[in-house]
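Student: below are the sequence and a predicted model for it; my questions follow.
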Amino acid sequence: MAGSLLRRALDLVELLANHPRGLPLQTIADTLDIPKSGAHRLLAELAEHAYVVQDAETGRYLLTTKFATLGLKHLSRTGVVDIAQSVLNRLADLSGELARLAVVDYPRLVWVAKAQGARTGLRYDGDMGSEARLSTSSTGIAWLASLTDEEALSLVMRQGLGSPEECGPNAPRTVAALMVLVNEARARGYAWVQDTNTPGAAAMAANIVHPQTGRAIGNLSVAGPSLRLTEAQRDAIAPDLLAAAADLSSVGAFSEYLGALGGRTAVMS
């Protein structure tokens, strides 16, 4: 029973995390397929510990910043963002675009830090803490390229290819189309996409590799409007991107933490 209650509480937190404006009690109960009374008890418990609050005007329940604070505190204590930020800042300045760090939190890939290099005109920006779609983002495809075909496809099937409404017009619709992008990334040494993850955006990503295990533990990416981040610009940025990823791969404290976080395999539960 305790495990079941914990699972329900975690499902509730994940649901609210995807709805920053909050949700009514009935919607929460229906979505999680639990009794309204059970949903209310979970919300009351979370509210008692200041993880959830109910909007007095709308009656909707929403997460407080306490979970975000815990996550940021944890990352701060690990030193991951502190170590990576100077590298991100340099890459953003050199590219003139958005530079991001994603870390492997197996079987997920999550963006945790960024630096914006665009000073004028169009800017591409993304939400930190969000899970990367493996089949459409340069970040995801770079990670898939570091894995065996079997493991890569297992991870993609877990997440799904994504519906046309969720992706860009060039998003791969089949496994065969996805593997073309993955194999291109393997041959090139970094991933490159245009209008696959977000309409009107292009991106490139290179893996950060654990020095002992050789597994990708995260990656660095550069993203911007496709009208500006062209193939010619990609080729100019690629050496800086690869050098930045290599720099982070060689940092012991950085690799030690991310290696433990992302060193699991597809056969583990």
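Tutor: Looks like it arrived, so ask away.
Student: mind listing the helices for the stretch 151-269 of the chain?
Tutor: 175-188, 231-249, 252-262 (DSSP state H, counting those that start in this stretch).
Student: now the stretch 1-150 of the chain
Tutor: 2-17, 25-32, 36-48, 66-78, 80-95, 138-145, 149-159.
Student: save the helices of the stretch 151-269 of the chain as TSV, and put in mean pLDDT too.
Tutor: Conversion of the helices of the stretch 151-269 of the chain to TSV gives the following (pLDDT from 0 to 100):
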stretch	mean pLDDT
helix 175-188	97
helix 231-249	95
helix 252-262	65
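Student: which one, of those helices, ends up nearest to Gly22?
Tutor: For Gly22, the closest of the helices of the stretch 151-269 of the chain is helix 252-262, at 30.3 Å, according to Cβ to Cβ. All C-beta spots, glycine's among them, are computed from the backbone N, C-alpha and C.
Student: skipping adjacent residues, who's closest to Asp55 in space?
Tutor: Gly22 (5.8 Å; Cβ to Cβ, 6 or more residues apart in numbering).
Student: count of neighbours near that neighbour?
Tutor: When neighbours are defined as other Cβ atoms under 10 Å, Gly22 has 18 of them.
Student: ditto for Val52
Tutor: 22.
Student: same thing with Ala202?
Tutor: Ala202 has 28 nearby residues by other Cβ under 10 Å.
Student: with Leu5 instead?
Tutor: If we define neighbours as other Cβ under 10 Å, then Leu5 has 13 of them.
Student: ok, now which ones touch it?
Tutor: Neighbouring residues of Leu5 by Cβ atoms under 8 Å, 6 or more residues apart in numbering: Leu42.
Student: that older thread, nearest to Gln116, out of the helices of the stretch 1-150 of the chain?
Tutor: helix 80-95 (6.1 Å).
Student: hmm, Arg108 is touching Leu134, no?
Tutor: No. In this structure, Arg108 is not within contact of Leu134 by Cβ atoms under 8 Å, at 9.2 Å.
Student: with neighbour numbers in mind, choose between the two.
Tutor: Higher neighbour count among Arg108 and Leu134: Leu134, with 25 against 15, using other Cβ under 10 Å.
Student: any stretches of this structure with poor pLDDT?
Tutor: 1-3, 72, 75-76, 79, 120-129, 252-257, 259-269 (pLDDT under 70).
Student: list the buried residues of stretch 175-187.
Tutor: Within stretch 175-187, the residues that qualify as buried are Leu178, Met179, Leu181, Val182, Ala185, counting by 16 or more other Cβ atoms under 10 Å.
Student: brain fart, stretch 54-68
Tutor: Gln54, Arg60, Tyr61, Leu62, Leu63, Phe67.
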